[in-house]
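Asks: no sequence for this one, just the structure:
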């Protein structure tokens, strides 16, 4: 039965001028009928963007219009697929494994009337990935600016390299720091931009330590800041041996320091210097000995210096007979057993008194009054020298027993003293 709903449902009722309803029937007056026009199918999605080889790709296709079908003509690059979702949308997706330019045409049309359609033609470009070669650079030391030695990526494809960080930058010390490069090919249509990274190790720089060889010291002098006086940038110094140490005697002994900078860009650094430690002079105790008389040999009574363990060598040696004279020098050279003490010399003064000469002079025979003294009575003998008698030769003594004759003898040898002697004579 033809009714209003049927007409409207079939899209045939365009204008309703007057409708009169009566029970059991519909009377339609003044109607005009035309065939309803379906909406023209059209693409609403933009032309697809390019893709990159071996990189997942997806292009969503959207359309408008009444029920419609979407078709693709042309050859997709290997790895891409086309799929019509049968709801006015479609998709090209997958992972392309071939680069190049691929002309494609999309057509959207009514399901019932393929002549009503929209066509979209385009070229899908799958960009190649340019080959970039960049080996991880060798380690550098802090303070070395980045240069072409480290930033040396290459490609057979023409293009421009932009590095981060750039050439000239000085990196802080640290391991595994990232260097990156962005390579933009000259042919940006067919090649994609490539980003690549490598790592570099920046080792701390050695700190500069100033520390001249210190002046020599004498054994027994403890090390102080006068010797342990290294300087550098801010940081801490640890010396070996430490302040307060007393070194043994010896030349060219090593003093070491380990310096830890406050700045982590600088490495813990060691340095050393050489110091000479002179042996200390030994202490010798030796008093001036008591005077001796000529003819007395030197013994341990005079050569009696004392000190720490060691050996004494005297000049003149034990057993020597010194000539008479005051203030004569006795010397000793002392060699300590302990090498920390130096061979040391000392001296004292000794007086050697002349020895008395020996005079032989017997009491002369008695003489008679009136007899003058002669060499018969004044006949003392001794070593070479001169005799002076009192009374002198030629003197006539008075009569009397036990009269004294004196002589003063001056030896020619200065080692002997002027000596006197006397005898008794009876007149």
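Replies: That came in fine, so what should we check first? Everything numeric here is computed off the predicted structure, so don't read it as measured data.

Asks: contacting residues for the closest residue to residue 154 other than its chain neighbours?
Replies: Nearest residue to residue 154 in three dimensions, chain neighbours excluded: residue 133, at 5.1 Å (CB to CB, 6 or more residues apart in numbering). (C-beta placed from N, C-alpha, C; glycine too.) Applying CB atoms under 8 Å, 6 or more residues apart in numbering, we find residue 133 in contact with 153-155.

Asks: from these, which is closest to residue 220?
Replies: Ranked by distance to residue 220 (CB to CB), the contacts of residue 133 are led by residue 153 at 66.1 Å.

Asks: State the number of residues packed around that closest one.
Replies: Applying other CB atoms under 10 Å, we find 19 residues neighbouring residue 153.

Asks: residue boundaries of the strands in the stretch 301-427 of the chain?
Replies: Using DSSP state E, counting those that start in this stretch, the strands of the stretch 301-427 of the chain run over 310-315, 325-336, 341-342, 344-353, 355-356, 385-390, 403-411, 416-417, 419-425.

Asks: Columns mean neighbour count and distance to residue 271 on top of the ones you listed, output as JSON lines?
Replies: Listed next are those as JSON lines, based on neighbours: other CB atoms under 10 Å; distance: least, CB to CB, whole Å:
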{"stretch": "strand 310-315", "mean neighbour count": "14", "distance to residue 271": "38"}
{"stretch": "strand 325-336", "mean neighbour count": "15", "distance to residue 271": "34"}
{"stretch": "strand 341-342", "mean neighbour count": "20", "distance to residue 271": "30"}
{"stretch": "strand 344-353", "mean neighbour count": "16", "distance to residue 271": "36"}
{"stretch": "strand 355-356", "mean neighbour count": "16", "distance to residue 271": "70"}
{"stretch": "strand 385-390", "mean neighbour count": "14", "distance to residue 271": "78"}
{"stretch": "strand 403-411", "mean neighbour count": "17", "distance to residue 271": "75"}
{"stretch": "strand 416-417", "mean neighbour count": "20", "distance to residue 271": "72"}
{"stretch": "strand 419-425", "mean neighbour count": "16", "distance to residue 271": "78"}
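
Asks: Could I get the phi/psi values of the residue nearest to residue 154?
Replies: phi -110, psi 130 (degrees, to the nearest 10).

Asks: Repeat that for the one 4 residues further on.
Replies: Listed backbone geometry of residue 137 is phi -70, psi 160, with angles given as degrees, to the nearest 10.

Asks: looking at it, it is touching residue 201, isn't it?
Replies: No. Counting by CB atoms under 8 Å, residue 201 is not a contact partner of residue 137; they are 9.0 Å apart.

Asks: Please name whichever of the strands of the stretch 301-427 of the chain is nearest to residue 59.
Replies: In terms of CB to CB, the element of those nearest to residue 59 is strand 341-342, at 98.0 Å.

Asks: Enumerate every residue touching residue 125.
Replies: Each residue near residue 125 by CB under 8 Å, 6+ apart is listed here: 50-51, 100-102, 189-190.

Asks: Tell me, what's the model's pLDDT at it?
Replies: Confidence at residue 125, expressed as pLDDT, is 97.

Asks: Just give me how far the helix or strand containing it sits from the chain centre.
Replies: Following DSSP states H and E, one finds residue 125 within strand 117-127. Offset of strand 117-127 from its chain centre (CA atoms, centre = their mean, to the nearest Å): 66 Å.

Asks: Equivalent analysis for stretch 167-178, please.
Replies: 20 Å.

Asks: Equivalent analysis for stretch 177-191, please.
Replies: 41 Å.

Asks: just stretch 183-193 next, same as before
Replies: With CA atoms, centre = their mean, you get 48 Å for stretch 183-193.

Asks: quick check: mean pLDDT across that stretch?
Replies: If you average the pLDDT over stretch 183-193, you get 97.

Asks: distance of the residue nearest to the spatial centre of the chain from residue 174?
Replies: Nearest to the mean C-alpha position of the chain, by CA atoms, centre = their mean, lies residue 269 at 1.8 Å. Look at residue 269 and residue 174: by CB to CB, to the nearest Å, they are 18 Å apart.

Asks: What pLDDT is listed against residue 20?
Replies: Residue-level confidence at residue 20 comes out at 31, pLDDT.

Asks: and if you look at residue 112?
Replies: Residue 112 carries a pLDDT score of 64 in this model.

Asks: Could you pull up the residues touching residue 163?
Replies: Residue 163 touches 146, 151, 153, 179-181, counting by CB under 8 Å, 6+ apart.

Asks: Give me the residue ranges of this structure where confidence is low.
Replies: For the chain, applying pLDDT under 70 flags the ranges 1-38, 112-114.
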